[in-house]
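K.L.:
below is the sequence, then the predicted model.
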Amino acid sequence: MATEILIPKLGLTMTEGTVDVWDKAVGDQVASGELLCTISSEKLTYDVEAPAAGYLLKICVAEGEDAPVKAPIGFIGAENEAIPETTAATTEAAPPATAAPAPEQTIAQSQSEAAVAATSRILITPLARKIAADHQLDYAQLKGTGGNQRITKRDILAALAQKDLAPAETPAAAPAAGLSGMRQQIARHMLTSLQTTAQLTLQRKVDLTALLAFKADLKAKITPPPADGQLSLTTLLARAVCLALQATPEMNANYQDGQYTKIADVNLGIAVGLDNGLIVPVIQKAQTMTLTQLGQQLKAKIAAAQNGTLTAADYHGGTFTITNLGHENIEYFTPVLNTPEIGILGVGALAQTLKLSENNDVVAASELPLSFTFDHQIIDGQQAAQFLDRIAVNLQNPYQLIL
Amino acid sequence: MSRKSNITFMQVINEALDQAMAKDDRVFLMGEDLAGGATVKHLAEANQDAWGGVFGVTKGLMPKYGRQRVIDTPISEMSYMGAAVGAAVTGLRPVPELMFNDFIGYCLDTILAQGSKMRYMFGGKASMPLTVRTTHGAGANAAAQHSGSYYGLLGAIPGVKVVVPTTPYDAKGLLLAAIEDNNIVVFSEDKTLYGVKGPVPEEYYTVPIGKAQIKRAGTDLTIVAIGKMVFVAQAVADQLAKEGVEAEVIDLVTVAPWDQATVLQSVQKTGRLIIIDEAQPHNNTATDIAAVVADQAFDYLDGPVKRITAPNTPVPFATNLEQLYLPSAQSVLTEAQEIITDLKPIKA
């Protein structure tokens, strides 16, 4: 059994550490107690020593990257020993949780339980809680400046002052009473999204005439006819978004508590409307999938969402979301960010229209209205427009989608 | 104030006893070596005392009031404390002196099992105008058996009042109030404060028992302290003021019954509380204050209640350890950091 190398907790308030230097490389033999790497927290640096003798099997956190306290940053074991699959997978791509906070099943059991217990309870003084209650302030997202990072009167007063300055959104201040559990989650999540980000929406049309012709052409030629939805508009659109995100890594990211984290994998969320709300299942590592795999995944996740059989892992860790109101004949809208993601693409109704061709002929065209919301804290308008254009280019040049 | 110069804590006790004895001839003193020299011929012939108490606090009272009212007893705390309880319940106003409160074990029965219960058990028909003077406090390098602070232990007995004066002014007024009181009052003097000087009126006056005093007004943080810890509290408040934090310093003055109203009112204003006591923390005054505040002022608390006390050990003899044992301004600031941190301006 390989031994985990964990980020030590160096102080009461430390929540994560940065790996500064790895003194050993993967494959190196190490003695127990030998210097492996140097990590740092806000205040101090610390030499991490090998917890066991053996070979450095894996480095999960590269130099310059951060990891939460008690997270594994590497593994030591016998030469060529396999690393426990679940643990390794988590640390490779573990974006912070999204909508529904579900228990982390990933990091080694006991430690993760302790970590969840330590973070799930909101530390707030009695006085601060009372003031918050008097003003119907939701303090769940506040960061405490008191001892032990406790929320104190000062933090509540600061939040109230900010709330007074913020544009009128007070009627929705207490999204809880009388709502179902799922509705409460959505209410909190939407409010948090609007309160903690600088959302801006860009809107444009994309000409899908070529894509639809391409699709019809392929469909006719492939036998047996594709049955996994691999040529559905949703799948093609998802693929176009994946390609655009890969070409624009700064968009494929999370932003939470002032922390901006680019994420290597495209974990694509698809908003699925339900009778009692809305849920966003996530397709992990969507960038690695062929159109067929993507189509299968989309079908499976959407069906699971509608049947209520999604597990916590199915809507966790998204890096970007697609939402569609086209079936309700909406053209443009302003999708709300699925925080901590920083981008969401809204798809409107495909419309037949007449337009002028390059030769000034009037031709029939199919145009898809897109609405792209991004967090202006992180992404500038021009960057966002260029990203949206990449999606458009991918859709307008459909061969790109199958390369 | 008619007197020109300040006088010491010790002189003040002497003056208060003198004035109480002059005012009421039922008042008398008992204890070990209060006068001294009873069998020394030349002293007896000249009506002179010797040491006048182990610290010299009662020097000069015997020549003035005679050995009938300043009684040197055998070294038997149980016998003279028992005699004092009997004298009090039968109409006199004795002021026995227990040289060090560490010796309370020898005579606790007379106070705990008899004196404190008589008024209650006799349906209110008996009164117990007994003032037990004793000394407490570490810092004099007097080792474990002469340095403890047991006012909290005595204050836990129903029917016993306990006063711990901090300033010479309060010492006089509280001692006279104690002697006027018709209940057992333990008047606990910190021997390390005997040399402290302060302005004290010459005339007879009393200071109310059971009333805490706000020594410094503040809005951000309440510090309740007992006895010489009030000086530590003031040093802490001075330090915090430099960082923009205004601490309110309360001298508890009376340990039993302690002044809940003043403390609660202050905590309701500041939202934070530090209690400094040089007695041990277990089942003690600081702990009792913390419990009452947590109960009565819960919704006003903006941080945990911090008790800064001596550790739960006897007082060490070694000077360096004895200084470590006592709460200091620095240890208070360090231990209370958790509730002070968000009072300070956020550093950019």
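P.N.:
Arrived safely.
K.L.:
what does the stretch 151-300 of chain B put close to chain A?
P.N.:
Applying CB under 8 Å from any CB of the partner chain, we find that the stretch 151-300 of chain B lies next to chain A at B:271, B:298, B:299, B:300. C-beta: built from backbone N, CA, C; applies to glycine.
K.L.:
list the residues that contact the last one.
P.N.:
Yep, that's residue B:300 we're talking about. Neighbour list for residue B:300: A:126, A:127, B:267, B:268, B:271 [criterion: CB atoms under 8 Å, 6 or more residues apart in numbering or on different chains].
K.L.:
what sits against the first one?
P.N.:
By that I understand residue A:126. If you count contacts by CB under 8 Å, 6+ apart, then residue A:126 has B:298, B:299, B:300, B:301, B:302 around it.
K.L.:
how far away is it from residue B:89?
P.N.:
Here residue A:126 is placed at a distance of 47 Å from residue B:89 (CB to CB, to the nearest Å).
K.L.:
quick check: which element contains whichever residue of chain B sits closest to chain A?
P.N.:
For chain B, the residue closest to chain A is residue B:338, as judged by CB to the nearest CB, at 3.1 Å. Using DSSP states H and E, residue B:338 maps to helix B:337-340.
K.L.:
averaged pLDDT, that helix. What do you get?
P.N.:
Here helix B:337-340 scores 86 as its mean pLDDT.
K.L.:
and the contacts of it?
P.N.:
Taking CB under 8 Å, 6+ apart as the rule, helix B:337-340 contacts A:146, A:147, A:148, B:221, B:240, B:245, B:272, B:274, B:303, B:304, B:306, B:333.
K.L.:
could you identify the most distant pair in those residues?
P.N.:
A:148 and B:240 (19.8 Å; CB to CB).
K.L.:
compare those two (neighbour count), which wins?
P.N.:
Ranked by neighbour count (other CB atoms under 10 Å in any protein chain shown), residue A:148 and residue B:240 place residue B:240 first, with 23 against 13.
K.L.:
if we can go back for a sec, now the helix holding residue B:338: buried residues?
P.N.:
Buried positions in helix B:337-340, judged by neighbour count with 16 or more other CB atoms under 10 Å in any protein chain shown: B:339, B:340.
K.L.:
kindly export that helix (C-alpha atoms) in CSV.
P.N.:
Provided in CSV are the C-alpha atoms of helix B:337-340 (Å, rounded to 0.1, in the frame of the first residue of the first chain):
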residue,chain,number,x,y,z
GLN,B,337,-5.4,37.2,21.2
GLU,B,338,-8.3,35.2,19.9
ILE,B,339,-10.8,37.8,20.9
ILE,B,340,-8.7,40.8,20.4
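K.L.:
how about a markdown table for the contacts of residue A:126, with pLDDT and secondary structure added?
P.N.:
As requested, the contacts of residue A:126 are exported to a markdown table (pLDDT from 0 to 100; DSSP: H, G, I helix; E, B strand; the rest coil):
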| residue | pLDDT | secondary structure |
| --- | --- | --- |
| B:298 | 93 | helix |
| B:299 | 91 | helix |
| B:300 | 93 | helix |
| B:301 | 94 | coil |
| B:302 | 93 | coil |
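K.L.:
in ChimeraX, select just the buried ones from those.
P.N.:
To isolate the buried ones among the contacts of residue A:126 in ChimeraX, judged by 16+ other CB under 10 Å, type:
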select /B:300,301,302
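K.L.:
pLDDT score assigned to the closest residue to chain B within the stretch 251-400 of chain A?
P.N.:
Distances between the stretch 251-400 of chain A and chain B by CB to the nearest CB are smallest at residue A:258, namely 14.2 Å. Residue A:258 carries a pLDDT value of 82.
K.L.:
and for it, the neighbour number?
P.N.:
For residue A:258, using other CB under 10 Å, the count is 8.
K.L.:
next: residue B:217.
P.N.:
11.
K.L.:
output the below-cut-off pLDDT ranges for the stretch 101-250 of chain A.
P.N.:
For the stretch 101-250 of chain A, residues meeting the criterion pLDDT under 70 lie at A:101-120, A:165-181.
K.L.:
related to what we said a few turns ago, quick one: the residue of the stretch 251-400 of chain A closest to chain B and residue A:246, what's the gap?
P.N.:
Counting by CB to CB, the gap from residue A:258 to residue A:246 is 26 Å.
K.L.:
try residue B:178
P.N.:
85 Å.
K.L.:
could you export whichever strand or helix holds residue B:334 as PDB, CA atoms only?
P.N.:
Using DSSP H and E, residue B:334 sits in helix B:329-335. The C-alpha trace of helix B:329-335 is given here as PDB (Å, rounded to 0.1, in the frame of the first residue of the first chain):
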ATOM      1  CA  ALA B 329       0.000  42.000  30.900                       C
ATOM      2  CA  GLN B 330       2.000  40.000  28.300                       C
ATOM      3  CA  SER B 331       0.400  36.700  29.100                       C
ATOM      4  CA  VAL B 332      -3.100  38.200  29.000                       C
ATOM      5  CA  LEU B 333      -2.400  39.800  25.600                       C
ATOM      6  CA  THR B 334      -1.100  36.500  24.300                       C
ATOM      7  CA  GLU B 335      -3.800  34.300  25.700                       C
END
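K.L.:
which positions within it qualify as buried?
P.N.:
B:329, B:332, B:333, B:335.
K.L.:
so is that helix next to chain A?
P.N.:
No: using CB under 8 Å from any CB, helix B:329-335 stays clear of chain A, with a minimum separation of 11.3 Å.
K.L.:
which residues in chain B form strands?
P.N.:
B:7-8, B:27-31, B:70-72, B:93-98, B:131-136, B:160-163, B:184-190, B:197-198, B:213-216, B:221-225, B:247-251, B:254-256, B:273-277, B:306-309 (DSSP state E).
K.L.:
got JSON lines for these, with mean pLDDT and mean neighbour count too?
P.N.:
Formatted as JSON lines, those follow (pLDDT from 0 to 100; neighbours: other CB atoms under 10 Å in any protein chain shown):
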{"stretch": "strand B:7-8", "mean pLDDT": "93", "mean neighbour count": "17"}
{"stretch": "strand B:27-31", "mean pLDDT": "98", "mean neighbour count": "22"}
{"stretch": "strand B:70-72", "mean pLDDT": "97", "mean neighbour count": "22"}
{"stretch": "strand B:93-98", "mean pLDDT": "98", "mean neighbour count": "25"}
{"stretch": "strand B:131-136", "mean pLDDT": "98", "mean neighbour count": "26"}
{"stretch": "strand B:160-163", "mean pLDDT": "98", "mean neighbour count": "24"}
{"stretch": "strand B:184-190", "mean pLDDT": "97", "mean neighbour count": "26"}
{"stretch": "strand B:197-198", "mean pLDDT": "93", "mean neighbour count": "16"}
{"stretch": "strand B:213-216", "mean pLDDT": "98", "mean neighbour count": "17"}
{"stretch": "strand B:221-225", "mean pLDDT": "97", "mean neighbour count": "29"}
{"stretch": "strand B:247-251", "mean pLDDT": "97", "mean neighbour count": "26"}
{"stretch": "strand B:254-256", "mean pLDDT": "98", "mean neighbour count": "25"}
{"stretch": "strand B:273-277", "mean pLDDT": "98", "mean neighbour count": "29"}
{"stretch": "strand B:306-309", "mean pLDDT": "96", "mean neighbour count": "23"}
